[in-house]
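Q: This is a predicted model, with the sequence first.
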Amino acid sequence: MIAWFADAGRDLPWRHPEASAWSILVSEVMLQQTPVVRVLPRWLDWMDRWPAPADLAVAPTAEVLRAWDRLGYPRRALRLQECARAIVAEHGGEVPRGEDALSALPGIGEYTAAAVTAFAHHGRAVVLDTNVRRVLARTVDGAALPPRSLTAAERRTAARVLPAEPARSVAWNQAVMELGALVCTAASPRCEECPLAGPACAWYTAGRPPAPEGSRRVQAFEGTDRQLRGKIMALLRANDTAHEKELLALDADDPLRVRRCAASLVADGLAAADGTGLRLP
DNA sequence: AAAGCGGGGGC
DNA sequence: GCCCCAGCTTT
């Protein structure tokens, strides 16, 4: 798998040796639930503008939200700025080492703390993202897909198969994640390209049995508050402000819903009240 | 453990 | 139209 990665792995800027720990942390936050191809241009622009935590810490939040653009889940942008401020205030402007210290930062959870430890600090950490979980579910458990939410059993499995030697564990984490992203994909895995196709993969050996019916249920999006919040944020990014009339026009049939979403954006710190309308914070 | 939280691209 | 994407936070 590590040999496969050396040959087939993508050349991504946050994987370059000169990438700072902060730039790697930023990439990990942007990549939370967002595909690489969509992150790439935003990350380049972001790191150009705010190369260090101290730069982002003092940036106007409205500008931060505009730079986040349409990466989705804009609360991540707020958390990232809070994270930068915490790093400046509590860690002298340097990304702290250790998963506990990292997890204590805003917007940094179990996965991101492990990923920063592995990829920025080259330490041994159990990195369990959606790709790693799927590869382990297939190779170790012979299942088409991992459980819906991360289980203790998955953590045990991952800890057991992770190489003991730190440098090798980093290479392993990088390789298995990339294998899941490029080859061992959720919908149509390319087993013919996979270095593990054969006895190394329990699922392949079992004849690639399908996942149980209805084991996945995606969140609805059309017509949800999430979608309307997104539309409101798009207005604010474009114009800085949105008048009440523009907001209500986003869902002419349900002014209550518009007000509810506007209020929730204010509560989240993503927008501020501006007369009867909204503006970026 | 489940729900809420964006947005876009692949099939 | 459905499914998925380098998850986190709150309930």
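A: Okay, I see it. Residues are numbered from 1 along each chain as shown, chains lettered A, B, ... in the order given.
Q: Now do the contacts for residue A:175.
A: A:1-2, A:4-5, A:9 (C-beta atoms under 8 Å, 6 or more residues apart in numbering). Using the backbone N, CA and C atoms, a C-beta is placed for each residue, glycine as well.
Q: Against DNA strand C, how distant is whichever residue of the stretch 1-150 of chain A sits closest to DNA strand B?
A: Residue nearest to DNA strand B within the stretch 1-150 of chain A (C-beta to the nearest atom of the strand): residue A:72, separated by 2.0 Å. Here the criterion is C-beta to the nearest atom of the strand, to the nearest Å. By it, residue A:72 lies 8 Å from DNA strand C.
Q: Residue A:229 now?
A: 13 Å.
Q: right, and that residue touches residue A:261 too?
A: Yes - contact criterion C-beta atoms under 8 Å: residue A:229 and residue A:261 qualify, at 4.9 Å.
Q: the more surrounded of those two?
A: residue A:261 (25 against 19; other C-beta atoms under 10 Å).
Q: Report the spatially nearest residue to the residue of chain A found nearest DNA strand B, omitting neighbours in sequence.
A: For chain A and DNA strand B, the shortest gap (C-beta to the nearest atom of the strand) falls at residue A:230, measuring 1.2 Å. Spatially, and ignoring its direct neighbours in sequence, residue A:230 is nearest to residue A:72 (7.7 Å; C-beta to C-beta, 6 or more residues apart in numbering).
Q: Also residue A:247?
A: residue A:258 (5.4 Å).
Q: Please apply the same query to residue A:141.
A: Leaving aside its chain neighbours, residue A:141 sits nearest to residue A:202 (6.5 Å; criterion: C-beta to C-beta, 6+ apart).
Q: I figured the one you found hits residue A:144, correct?
A: No - Residue A:202 is beyond contact range of residue A:144, at 11.0 Å (criterion: C-beta under 8 Å).
Q: Who has more neighbours out of those two?
A: Legend: neighbour count by other C-beta under 10 Å for residue A:202 and residue A:144, higher for residue A:144 (18 against 15).
Q: Please, which helix or strand holds the residue nearest to the spatial centre of chain A?
A: With distances taken as C-alpha atoms, centre = their mean, the residue of chain A nearest its centroid is residue A:32 (0.8 Å). Assigned by DSSP states H and E, residue A:32 belongs to neither a helix nor a strand.
Q: sec struct for the closest residue to residue A:206 other than its chain neighbours, please.
A: Counting by C-beta to C-beta, 6+ apart, residue A:142 is the residue found nearest to residue A:206 once chain neighbours are left out, at 5.0 Å. Secondary structure, DSSP: H, G, I helix; E, B strand; the rest coil: residue A:142 is coil.
Q: Okay then, goodbye and thanks.
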